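Chemist: Here's a sequence, model it:
(one chain, ligands or ions: 3)
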Amino acid sequence: MSSKATLDKIPAPARAETKDALGRPLHDLRISLLDQCNFRCPYCMPEAEFHAEYEFLRKQQRLTYEEILRVARVAAGLGVSKIRLTGGEPLLDKSLTDLIAGLAKITEIEDLALTTNGMLLAPMASKLAASGLHRVTISLDSLDEDVFRRMSGGRGDLQKVLAGIEAAERAGLSPIKINVVVQRGVNDHTVMDLLQHFRGSGHVVRLIEFMDVGNRNGWRMEQVVPSRQLLDQVVQRWPLRRVDRNYPGEVARRYEYLDGQGEIGFISSVTEPFCGGCSRARLSADGVLYTCLFATHGTDLRESLRNDADEEELTDILSRIWLQRADRYSELRSPALAEAHMQRKVEMYRIGG
Ligand code: SAM
Ligand code: SF4
Ligand code: SF4
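Modeler: Ligands and ions are numbered 1, 2, ... in the order given. A predicted model of the protein is given here:
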């Protein structure tokens, strides 16, 4: 990522033209609201690392809603039409609906979504919808009680998550997507049951390859189940046909069941990278803007926000960052690059997935 000195050299572009160094537009902003979580999924926040004494961000270190809204408005002016709230676990923030109401007023935002582990969703779903949230993605790695519990670090309650999905449906927070991180030897044997459960429900299950995000989840290539392998398995039971992407840069490869029972998606960041269409920026809870999920560093916006940078200055900063962006970690992924990034990548719970 760019230093201030190099940022200064590049003239800011006209708003609508913001494309990065590889010609990719800025369409999608993911906002991590907080770095805390009520789960300890071993692939994201292993308990041994994120223990009782672990120091998460304090409230004054996190961006305020007003600061988040300022960044969101500027990003919208540069082409962002899609915002996803994430974390950590965003539903731990009980005033969240105030922020959603503010984001929903930004006219350029056509898609306002939230990713959650679903534990706290049931009692909040209708309030989230009333405040202006369009839809939710719920992470649910298995319907096997034991496997699910293990994959949530012993903290998840499967029935609560399922109740959350039902409540989201009743509240109209759809289309609902169900994210499943597939890890070999951990939950891969339960994937077909999960697909069976959601067939015909209208919810879209997305099978995600276990990724080498951050430095603390003990990622090993042997634990990745390539999407191609899962696809072959699914097709043998339920024939599928490929469906076009909803929009350029969509991360999931979409398929429909030939028998009309709905859609599934594959997110294959490891074996079939999709950097070419990547139009996402990520804002961490403490105000650092990252231009790649595997970034080793980002640009601190909090200081500018707290030094009263006006809209024009913020526009300038954001557009310069985007202009210089050349990230394509997944496409370049190699043992040497992984080694170079080792211990320096930002963690998933900070950057938000
Ligand atoms: N706590 C919320 C949740 O779990 O939905 C939102 C934040 S979580 C970091 C966002 C997404 O990242 C989740 O769907 C989660 O499964 C996914 N994720 C976390 N670590 C991952 C990893 N190592 N590989 C692939 N996906 C991962
Ligand atoms: Fe928490 Fe989500 Fe990470 Fe699991 S994946 S530990 S629920 S932030
Ligand atoms: Fe985008 Fe970085 Fe992922 Fe490539 S590796 S798709 S640039 S976030």
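Chemist: so for the helix or strand where E66 lies, what's the average pLDDT?
Modeler: Following DSSP states H and E, one finds E66 within helix 65-77. pLDDT averaged over helix 65-77 equals 98, rounded to a whole number.
Chemist: do stretch 218-231 as well
Modeler: Averaged across stretch 218-231, the pLDDT comes to 94.
Chemist: ok, back up a step: so does the helix or strand following the helix holding E66 get close to ligand 1?
Modeler: From helix 65-77 onward toward the C-terminus, using DSSP H and E, the following helix or strand is strand 82-86. Yes. Residues of strand 82-86 contacting ligand 1 under Cβ under 6 Å from any ligand atom: T86. C-betas here are computed from N, CA, C, even on glycine.
Chemist: distance between the very next helix or strand once past strand 82-86 and the chain's centre?
Modeler: Secondary structure here is assigned by DSSP H and E; on that basis, the next helix or strand after strand 82-86 toward the C-terminus is helix 96-104. For helix 96-104, the distance from its own C-alpha centre to the chain's C-alpha centre is 18 Å (Cα atoms, centre = their mean, to the nearest Å).
Chemist: now do stretch 141-148
Modeler: 21 Å.
Chemist: List of residues touching that stretch?
Modeler: Residues outside stretch 141-148 that contact it (Cβ atoms under 8 Å, 6 or more residues apart in numbering): 41, 140, 151-152, 156, 158, 161, 180-182, 186-187, 190, 193-194, 197.
Chemist: How far does it stretch from one end to the other?
Modeler: The first residue of stretch 141-148 is 6 Å away from its last residue (Cα to Cα, to the nearest Å).
Chemist: Next, the buried residues of it.
Modeler: When neighbours are counted by 16 or more other Cβ atoms under 10 Å, the buried residues of stretch 141-148 are found to be 141-144, 147-148.
Chemist: Looking at these, spot the one nearest ligand 3.
Modeler: Compare each of the buried residues of stretch 141-148 with ligand 3 using Cβ to the nearest ligand atom and the shortest gap goes to D141, at 20.5 Å.
Chemist: Setting aside sequence neighbours, what's the nearest residue to that closest one?
Modeler: Nearest-residue entry for D141: M151, 4.4 Å, with adjacent residues in sequence omitted and distances by Cβ to Cβ, 6 or more residues apart in numbering.
Chemist: Next, the contact list for that neighbour, please.
Modeler: Contacts for M151 (Cβ under 8 Å, 6+ apart) come out as 41-43, 141-142, 181, 183, 186-187.
Chemist: Out of these, list just those in strands.
Modeler: V181 (DSSP state E).
Chemist: mind listing the strands for the stretch 201-350 of the chain?
Modeler: According to DSSP state E, counting those that start in this stretch, the stretch 201-350 of the chain carries its strands in the segments 204-209, 240-243, 253-257, 263-267, 280-283, 288-290, 299-300.
Chemist: where does the chain dip in pLDDT?
Modeler: Across the chain, the ranges flagged by pLDDT under 70 are 1-17, 335-344, 347-349, 351-353.
Chemist: What ranges does the stretch 151-300 of the chain have for its helices?
Modeler: Using DSSP state H, counting those that start in this stretch, the helices assigned to the stretch 151-300 of the chain run over residues 158-170, 191-198, 227-237.
Chemist: can you list these in TSV and add distance to E312 and mean neighbour count?
Modeler: Formatted as TSV, the entries for these read as follows, by distance: least, Cβ to Cβ, whole Å; neighbours: other Cβ atoms under 10 Å:
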stretch	distance to E312	mean neighbour count
helix 158-170	39	18
helix 191-198	47	17
helix 227-237	44	15
